[in-house]
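*Asks:* this one's structure only:
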C-alpha cells in the first residue's frame with residue numbers, strides 16, 4: 001500500500017537529492033593557496049606534499065592579483081625588440097628609472113612572473129564517488145601543467161588551445177584530499193615562438209595562472225570522450241561518431257535528441273545499440289526536408305544530446321551544438337551551402353587590454369562579433385593562437401566565419417621541420433583543436449600558424465595532407481604569410497600578401513586599380529593577409545581605460561614626450577587628422593579588393609588597435625573595440641559590407657573643362673540576387689545640394705563582383721570656382737560615396753608686385769624683411785633641418801619602431817583649414833586625396849628651434865616615437881617684415897598639376913591682401929637654421945636584426 005509522504009519528509013528528500021546533484025561536479029573556483037617556484041625546485045623537493053600559505057582567487061592570472069615582480073630594465077620578456085633606442089636615447093632616460101619605468105614596446109603588466117607556480121586546494125571527494133575514476137578539467141591554464149590529487153599523480157599537459165583534461169583512477173579515496181596543480185609558463189624544451197600571440201608579451205603576455213572553468217567530476221565506467229558531427233546537406237542528414245573512453249564489454253544503448261537551438265525545428269528522438277568490443281560508433285540522423293542551414297545570413301543552430309546507458313543506468317550524457325552547413329571551395333571562391341561568399345575579416349591577435357588573455361565568457365565575445373558585424377565584417381582570423389570555447393559559441397550565434405591557427409609563429413626563436421619538439425607538438429595540438437571545437441559551424445578554416453622559418457615547406461605539406469584527410473569539414477592552408485614565404489602547394493586556399501597596399505608613393509590616387517595581377521596565377525581562393533596596417537596617432541584619452549593588470553605606460557610615454565616637444569594641446573587634433581587619413585586608406589584598399597574579380601576576401605590587421613610590437617595603432621577602433629571618433633561603424637560599412645557600390649575613377653582631381661567619367665559596378669555578397677534596386681547616382685556640393693543626378697542599370701544584380709551598373713559622364717564646366725564635390729551611388733538601401741575636387745582651368749592674374757618671391761633665404765630676402773616687406777619663400781629642395789623625414793600620402797605602416805624607421809615617418813597632416821590662406825583652396829583639416837599632389841614625397845621642415853607656442857599652417861604629424869614639430873607651410877613676423885615659408889614644391893607648376901596651381905594661387909591671393917598679418921614673431925636666425933648644412937642627430941635603432 002502506498003503511503004503519502006508528509007510535506008516535511010518530502011522537503012528533506014528533495015533537499016538530499018538536490019545536494020547529491022550539486023556535488024556530482026565540483027566547481028573548483030574560489031580560494032586557493034599558492035607558492036612560486038622561481039628556482040624550479042618544486043618537483044625535486046616534492047612540493048605536492050607541502051601545504052602553501054599564500055592565497056589567491058582562481059580562475060585568474062598571478063598578475064591579476066598583483067603577484068610577481070615589478071618590471072625592470074633587466075626583465076626577460078617574451079618577445080622581440082628591434083628598436084633599442086629606448087635603452088640608449090638620453091631623452092628616454094627618465095623613463096628607464098626604477099620608479100617611473102615606461103617603455104614603448106607593449107602594454108606594461110603591473111607584475112611579471114615567468115616560471116613554475118604551484119596552486120593547492122583542499123576538496124572533499126563525495127562518498128558516492130568511491131571506486132570511480134575522477135576527471136579534472138582546467139580551461140586555459142598557461143600553460144604547462146602537472147596535477148596531483150592527494151598522492152595520486154594525474155600526469156602533465158601543455159596545450160595552449162584546449163582544456164587540460166586529467167583522470168585519476170579508483171585509488172582516490174573519498175573524503176578530504178589535497179588537489180595540487182603546478183603551472184609553468186617558462187619556455188623550456190618546447191618553444192612555439194617568442195612572438196606567438198599565444199604566449200608573447202606583445203599582446204596577451206606570458207602570464208601564469210588558470211583563467212577558465214575548473215571542474216572536478218566523477219566518471220562512470222563508460223564516458224563519451226568525443227562526439228563528432230558531420231552535416232550532409234544533400235543527404236539531409238548528419239553523420240555522428242561517438243568515441244568512448246574504452247572498448248565496451250557489453251551492449252550499450254545510445255539515445256539521441258536533436259532540436260533547434262535558436263529556432264523551432266525538432267527531430268524525432270532515436271536510439272541505437274553500441275556493440276561490444278569497440279570504442280567507436282557511427283550513426284546517421286535524418287534532419288527532415290525542412291531543416292535549417294547555418295550561414296552568416298541565417299546562423300541557425302541545433303543542439304544534440306547523446307545519452308549512453310547500460311543495465312546499471314545512464315553512464316554519460318554529452319551535449320553539443322552544430323549547424324547544418326557546408327563550407328566549400330569552387331574554383332577561386334568560397335561557398336557556404338552552395339552560395340558564393342566573400343570574406344571580410346579582421347585579425348584577432350589576443351589583444352585584451354584589461355587582462356591580456358582572451359575571455360572565456362560568451363558575453364565578451366558576443367560584443368566583439370556584434371561590433372565586427374556593425375562594421376560590415378563576416379570573418380575573423382586568430383593570429384598564432386586558438387581562442388577559448390566561448391569564442392566559437394558566440395561566433396556560431398553571430399554567423400562569423402573563423403580561421404583558427406595553432407599557437408605558433410615559428411620564426412624568431414624556433415623553426416619548423418628541423419626535428420625540434422614543436423614539430424610533433426603542432427601535429428598533436430592541431431588534432432586537439434579539431435577534436436575540441438570541430439562541431440562548431442563557425443570553425444571553417446585553419447592554418448598551422450603565422451609566417452614560419454626552417455624546413456617548413458615539406459613539414460607543412462605533410463601537415464595539410466594529414467588534416468585534410470582527418471577533417472574534411474574544414475579547409476586548410478599551410479600558413480598565413482607575407483609575400484616572401486613559399487606557398488604550400490597542397491593548401492586548399494591561400495592567405496598571403498601581396499594583393500594589398502596602395503601605390504600612392506609613385507602614383508596619383510585613382511580607383512581603377514585592383515589586385516588581379518597578384519591573384520590570377522592561382523587556381524584556388526586567395527585571401528589577403530594582414531591588409532591595411534595604416535596607423536593613426538595615439539588617443540591619450542584611452543589611458544584611463546586601463547584599469548586592469550596591464551597599463552598603457554607606452555601611451556603615457558608618448559603623451560609626455562609630445563608635451564616635451566610643446567604640442568600636448570594638439571594631441572586630439574593629431575588623432576582626428578591622422579584618423580581621417582587612415583580611414584581613407586582603408587576605404588581605398590577594401591574597395592580595390594572588392595573590385596578584384598577572383599580575390600576571395602581580406603583579413604585586416606586589424607579593425608582594432610594592436611598593443612604590441614612597438615605599439616601598432618592600426619585600428620579604426622581602439623584596443624577596447626570602442627570607436628575613436630573619426631569614423632563610425634555606419635561610415636565604414638558603406639565600403640565594407642555584403643553589398644558595396646563601387647566606381648572606377650581615373651583620378652579624384654579635375655579641371656572644370658574636363659568630363660567626370662565614372663564606371664559604376666557593385667559587389668553583391670548578400671546571399672541572393674538583388675532585384676528592383678532602383679540604382680541611382682548623385683553629385684553633391686559641400687552643402688549637400690544635388691548638382692547632378694541620374695539612374696543606373698536596374699536589372700537584377702547576381703551574386704559576385706564586377707556587376708556593371710553603367711557609366712556616368714558629367715561635364716564639370718558648371719564649377720566656376722575651386723570646389724569639393726561628392727559622388728554618391730545608391731543601390732537599394734546600400735550607399736557609397738567619394739570626394740572629388742574640381743579646379744578652374746584658368747585663374748585670374750594676381751597683382752603680386754608687393755610680394756618678394758624667393759627660393760633661398762639670401763641677402764635680398766633678409767633685406768626685404770628688414771625693410772618691412774612681404775616675402776614668400778618657396779623652400780622646396782633647400783630644407784636641411786627635416787630633410788631626413790619622409791612623408792607619403794599614406795601614413796606610417798604598422799609603426800616606425802618595429803620596422804626601424806622605415807618610411808613613411810608621418811601619419812598625415814593637420815591643416816588649419818579655416819586659415820585665410822585657404823580662401824581659394826577648399827580643404828578639410830586633414831590630408832584628403834587631393835593633397836597627394838602637394839603632400840606626397842614633399843620636403844618637411846623641423847621646427848624644433850621655434851618658440852614653444854608656434855604653430856604652422858600645414859603641420860605633418862610625426863611618428864609618435866619622435867614627436868618632432870613639423871611644417872610644410874608657416875607664416876611669421878621676421879624683423880619688421882612678414883614671411884610665408886612653403887616647403888611644398890610650387891616651383892614647377894604646369895597644366896598637369898591643378899592642385900598645386902590652385903594652392904599657389906590661393907597663397908598669392910592671401911599674401912597680396914591686407915589679411916596677411918602673422919601674429920607670431922620668429923627670429924631670422926631660427927628661420928635660417930632650417931637651411932643650414934650641419935651635422936644633426938640621426939635616429940639609430942642600436943639593433944642589427946630585422947623583423
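*Replies:* Ah, there it is. Note that the coordinates shown come from a computational prediction; the quantities given were computed from them, not determined experimentally.

*Asks:* who does the strand ranked longest in the chain pair up with?
*Replies:* When the chain is parsed with DSSP state E, its longest strand is strand 704-715. Looking at strand 704-715 with DSSP bridges, its partner strands are strand 659-668 (antiparallel).

*Asks:* The following helix or strand past the strand it pairs with versus strand 704-715: what angle between them?
*Replies:* Sequence-wise, the next helix or strand downstream of strand 659-668 (DSSP states H and E) is strand 680-684. With axes from the mean of the first three to the mean of the last three Cα atoms, to 10 degrees defining the directions, strand 680-684 sits at 50 degrees from strand 704-715.

*Asks:* Give me the residues contacting the longest strand of the chain.
*Replies:* With contacts defined as Cβ atoms under 8 Å, 6 or more residues apart in numbering, strand 704-715 is touched by 340, 342, 594-597, 645, 647, 659-669, 679, 681, 683, 692, 694, 696-697, 701, 727, 729, 731. Placement of C-beta: from N, CA and C, glycine included.

*Asks:* Swap in 7 Å and give it another go.
*Replies:* 340, 594-595, 597, 659-668, 679, 681, 683, 692, 694, 696-697, 701 (Cβ atoms under 7 Å, 6 or more residues apart in numbering).

*Asks:* How far off centre is that strand?
*Replies:* In terms of Cα atoms, centre = their mean, to the nearest Å, the centre of strand 704-715 is set 33 Å apart from its chain centre.

*Asks:* Could you give the average pLDDT over it?
*Replies:* For strand 704-715, mean pLDDT rounds to 98.

*Asks:* hmm, who's touching the very next helix or strand once past it?
*Replies:* Note on strand 704-715: by DSSP H and E, the next helix or strand toward the C-terminus is strand 723-731. Under the contact criterion Cβ under 7 Å, 6+ apart, strand 723-731 has outside partners 643, 645, 647, 662, 664, 666, 677, 679-686, 735-742, 826.

*Asks:* Same check on stretch 113-126?
*Replies:* Taking Cβ under 7 Å, 6+ apart as the rule, stretch 113-126 contacts 23, 26, 28, 32-38, 40, 42, 47, 51-52, 58, 62, 67-69, 172-186, 206, 208, 216.

*Asks:* Narrow these to those in helices?
*Replies:* Secondary structure assignment by DSSP state H places residue 42 of the contacts of stretch 113-126 in helices.

*Asks:* Just the buried subset of the contacts of stretch 113-126, please.
*Replies:* Buried subset of the contacts of stretch 113-126 (neighbour count, 16 or more other Cβ atoms under 10 Å): 26, 28, 32-37, 42, 47, 52, 58, 62, 67-68, 172, 177-185, 206, 208, 216.

*Asks:* returning to that earlier point: for the longest strand of the chain, list every residue counted as buried.
*Replies:* Going by 16+ other Cβ under 10 Å, strand 704-715 has these buried residues: 705, 707, 709, 710, 712, 714.

*Asks:* Output the residues you listed in CSV, with distance to residue 747 appended to each entry.
*Replies:* Listed next are the buried residues of strand 704-715 as CSV, based on distance: Cβ to Cβ, whole Å:
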residue, distance to residue 747
705, 42
707, 41
709, 36
710, 34
712, 27
714, 22
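
*Asks:* And those, which two are furthest apart?
*Replies:* Spanning the widest gap among the buried residues of strand 704-715 are 705 and 714, at 25.0 Å by Cβ to Cβ.

*Asks:* What residues does residue 270 make contact with?
*Replies:* Applying Cβ under 7 Å, 6+ apart, the residues near residue 270 are 256, 285.

*Asks:* Bridged to it, which residues?
*Replies:* Residues in beta-bridge contact with residue 270 (DSSP bridges): residue 256.

*Asks:* Just list whatever residues bridge to the closest residue to residue 694 other than its chain neighbours.
*Replies:* Distance criterion Cβ to Cβ, 6 or more residues apart in numbering; nearest residue to residue 694, sequence neighbours excluded, is residue 681 at 5.5 Å. For residue 681, the beta-bridge partners are residue 694, residue 729 (DSSP bridges).

*Asks:* And residue 681, how close does it get to residue 795?
*Replies:* Here residue 681 is placed at a distance of 30 Å from residue 795 (Cβ to Cβ, to the nearest Å).

*Asks:* what about the two, which has more around it?
*Replies:* residue 795 (28 against 21; other Cβ atoms under 10 Å).

*Asks:* Distance of the residue lying closest to the more buried one once chain neighbours are set aside relative to residue 317?
*Replies:* Leaving aside its sequence neighbours, residue 795 sits nearest to residue 811 (Cβ to Cβ, 6+ apart; 4.1 Å). Using Cβ to Cβ, we find residue 811 at a distance of 56 Å from residue 317.

*Asks:* Ok, residue 362 next?
*Replies:* Residue 362 is 21 Å from residue 317, by Cβ to Cβ.

*Asks:* now swap in residue 681 and tell me
*Replies:* Applying Cβ to Cβ to residue 681 and residue 317 gives a distance of 60 Å.

*Asks:* residue ranges with poor pLDDT in the stretch 451-600 of the chain?
*Replies:* Along the stretch 451-600 of the chain, no part satisfies pLDDT under 70.

*Asks:* At which residues are the strands of it located?
*Replies:* In the stretch 451-600 of the chain, strands defined by DSSP state E, counting those that start in this stretch lie at 475-477, 480-481, 494-496, 526-531, 550-551, listed in chain order.

*Asks:* ok, the third one: who's next to it in the sheet?
*Replies:* Strand 494-496 pairs in its sheet with strand 480-481 (parallel), strand 526-531 (parallel), by DSSP bridges.

*Asks:* Just confirm residue 368 is within a helix.
*Replies:* Yes. Counting by DSSP: H, G, I helix; E, B strand; the rest coil, one finds residue 368 located in a helix.

*Asks:* Surely it and residue 623 touch.
*Replies:* No. In this structure, residue 368 is not within contact of residue 623 by Cβ atoms under 7 Å, at 11.7 Å.

*Asks:* rewinding a little: so for the residue nearest to residue 694, what's the pLDDT?
*Replies:* 98.

*Asks:* right, and it touches residue 690 too?
*Replies:* No. Residue 681 lies out of contact with residue 690 (Cβ under 7 Å); the separation is 10.3 Å.

*Asks:* in stretch 302-321, what counts as buried?
*Replies:* Going by neighbour count (16+ other Cβ under 10 Å), the buried part of stretch 302-321 is 302, 304, 306, 307, 308, 309, 310, 315, 316, 320, 321.

*Asks:* same question but for stretch 725-733, I mixed them up
*Replies:* 725, 727, 728, 729, 730, 731, 732.

*Asks:* Next one: the first one from residue 351, what distance?
*Replies:* Counting by Cβ to Cβ, the gap between residue 725 and residue 351 amounts to 39 Å.
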